[in-house]
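J.: only geometry, no sequence info:
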């Protein structure tokens, strides 16, 4: 049973604030272990990768090879279900079309006094994408991470994926190939992150590492940050559904459970203005849970972190929605467009009753790598912008330098930086 | 004496690679100290701030007040040199004009099958800006951090600045006021970061913290990351000048020293195709160092980290420039525009002989908060984008859902996520 919070109750603010700050995941402290692995990979390179993979993934890379070959990829196409390959291709195309619109434009202009200014965007040269092994080895996530990099113009897109027991999900290899990935290595864990950041004989280092992983992977990414760029550290997933009573409770229950089945730390929240309807959705959740192969996970998530929040009206709901700052927000109300401009914090917004969040996980075209755990207050989902960087450009002639010099010199002197002042003054014989 | 590397030497690649990976700064391990301070501020709030400020900054906030008042700011205007205030205003206006062009545009469109997609940008609601105390309390940095936040539409821009010995540089208060800062608090160190992230009775928490600081501040920012967003962790500054012999050696020496005077860990590099000219610049550096109030710092930086790299021609220089990935890059060559499109990695590019980097520090209009320590390979300077975030938007009708459903269901099933498949299928009675 999820908790119920009623906005009209006297203790609502206290309970809601506590609900917001509930930790859903405790990260084990693996800093020291990870540091030792990274140091070892830096010292011993490929040999360390082979040892760790033998130990952690029960795979013999001395025989299998560290690198996945073209023949391995061709075999993966033959091993994969053709309908699923077609679905991946369909998803790839939609993701590519949407992300192409995100490419930022260069800017170069001359200001009123003749100073030329500009911004020039270039792709990161090489990106590593971490793909988890086992059941969390999602081909859709390969597309969501690799396609934006390809659209950005990244030349080297490198995947690392542990071959648990020697095996890699063929759909991961197919998705990688469809997304233009150039190199794939059978390694995972902190050792894979270390190899991407520092390089080995087999693996040339990259400039940025993205993609989800367990606590070891997250810690390794944090530790190599600086040497390479990293993306956000993904937390457990969440959905917030804002719904009026003119909805089929079964539809919304299915959406809440689609989130809950991910992980015992996932969170599903319903905000509604109708207590009886809220009850119906809860009953539908209980009915549907029993039908799910991942019933145990979904039930634990719903029991521990699920919530039904009852509001007087949707005006009153908006501040709550913005404070929750959900990764996924469904607006299942009569006039969602009226609410939309007032939503400030949300990773992705699914508008109207025929837009289940799951469409965005796979084939909507938008990215499913989104800010979790309230971080939509300050960050965005993955996009082409994560794979490009901007150089600013400044160009003065002697006249412009003369015009800007007095203020620059005054500020440099006020900051006690005389060499700064001199670097301007010397050009003007000042 | 800076080192000299000659590209035509047999051991150049080895020496250049070692030069690139030289650590210029060792961060002391202050994790545990910082963690204790953060915990204490969370537990005791304002009282902890008063205690730490008394201890570390020798200032009595119980008397002075934690918050800077309007009267304090008015007094700062009276205490400040009017010409410098005017220079700050001039810089503010130029920074504002340039950054206004960076505001990303919302996008909403309908794809060929009728799916509506979009991206909506909103400002971060509240941002904290850390301003160091003492000699590193640069009013120009206040402008560079606060103006983009203001342009982005951030409602609450909060400054924390230690009042060392009870005093805050009046120009910092003036710059803050000119840049639309809404609150200023007399606190610094890890305790200030903790207060911004977690809030106290006096200070409402923010959603993101930006700005430079010492090792304690950097560690505190890393520790509160997740609760709030943070900007990049700034390292020591660097300049790379690419110059032909048709330059005044004194001008370039002045630019190299403007970087070197910042910090003993700063780095100044000259790449030239003329050994004799390189020698002249070195001689000019030695001459000019003696004239500087910060001679000792500049000399240490130039001796320990300065470099002159001799190349056969500028074609051969380009790969080196991109590997160095300098924070600041000056192109002092006859045809800088020919090199520009081939520059891949640089925080800011200063084009031509009349564009000393210092102009960009103050009044060029572009931002002076830039990626250091080779991180221009994967990151960009501070911009309006750091103060906004994007929500993606997806909207389907029944027809679009029917069209996208088969691929979504196929992928969900292939990933073993049955509740995902159900959430789509249930809407179509599939």
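T.: Arrived safely. These numbers come from a predicted model, not from an experiment. Numbers count the residues shown, from 1 in each chain, chains lettered A, B, ... in the order given.

J.: contacting residues around the most centrally placed residue in chain A?
T.: For chain A, the residue sitting closest to the mean C-alpha position, by Cα atoms, centre = their mean, is residue A:369 at 3.3 Å. The contact partners of residue A:369, taken as Cβ atoms under 8 Å, 6 or more residues apart in numbering or on different chains, are A:141, A:144-145, A:210, A:212, A:231, A:234, A:381-382. Backbone N, C-alpha and C define where each C-beta goes, glycine included.

J.: 10 Å instead?
T.: Neighbour list for residue A:369: A:141, A:144-145, A:148, A:210-212, A:231-232, A:234, A:327, A:347, A:381-383, A:386 [criterion: Cβ atoms under 10 Å, 6 or more residues apart in numbering or on different chains].

J.: in helices, which of these appear?
T.: In this view, those that belong to helices under DSSP state H are A:141, A:144-145, A:148.

J.: for chain A, what spans make up the strands?
T.: Assigned by DSSP state E, chain A shows strands spanning A:3-6, A:107-110, A:116-123, A:126-130, A:156-160, A:183-185, A:208-210, A:229-230, A:238-243, A:267-272, A:307-310, A:328-332, A:348-351, A:388-395.

J.: ok so, going back, neighbours around the nearest residue to the residue nearest to the centre of chain A once chain neighbours are set aside, how many?
T.: In space, and not counting its chain neighbours, residue A:369 is closest to residue A:382: 3.7 Å by Cβ to Cβ, 6 or more residues apart in numbering or on different chains. Residues lying near residue A:382 (other Cβ atoms under 10 Å in any protein chain shown) number 24.

J.: which residues touch residue A:382?
T.: Under the criterion of Cβ under 10 Å, 6+ apart, the contact list for residue A:382 reads A:99, A:144-145, A:147-149, A:210-211, A:231-232, A:234, A:366-371.

J.: go again using 8 Å as the cut-off
T.: A:144-145, A:148, A:210, A:231, A:367, A:369-370.

J.: likewise residue A:357?
T.: A:239, A:255, A:258-259, A:328, A:330, A:348, A:350, B:423.

J.: please repeat the previous calculation with a cut-off of 7 Å.
T.: A:239, A:255, A:258, A:328, A:330, A:350 (Cβ atoms under 7 Å, 6 or more residues apart in numbering or on different chains).

J.: OK, contacts around the residue in the stretch 201-350 of chain A that chain B sits nearest to?
T.: As assessed by Cβ to the nearest Cβ, chain B sits closest to residue A:229 within the stretch 201-350 of chain A, at 3.2 Å. The contact partners of residue A:229, taken as Cβ under 7 Å, 6+ apart, are A:207-208, B:378-379.

J.: would you check how far apart the closest residue to residue A:92 other than its chain neighbours and chain B are?
T.: In this structure, residue A:92 finds its nearest non-sequential neighbour in residue A:178, 4.9 Å apart by Cβ to Cβ, 6+ apart. Per Cβ to the nearest Cβ, to the nearest Å, residue A:178 is found 12 Å from chain B.

J.: do residue A:72 as well
T.: Separation of residue A:72 from chain B (Cβ to the nearest Cβ): 19 Å.

J.: neighbours of residue A:70, how many?
T.: Around residue A:70 there are 8 other residues, counting by other Cβ under 10 Å.

J.: pLDDT at residue A:430, what is it?
T.: In this model, residue A:430 is scored at 69, pLDDT.
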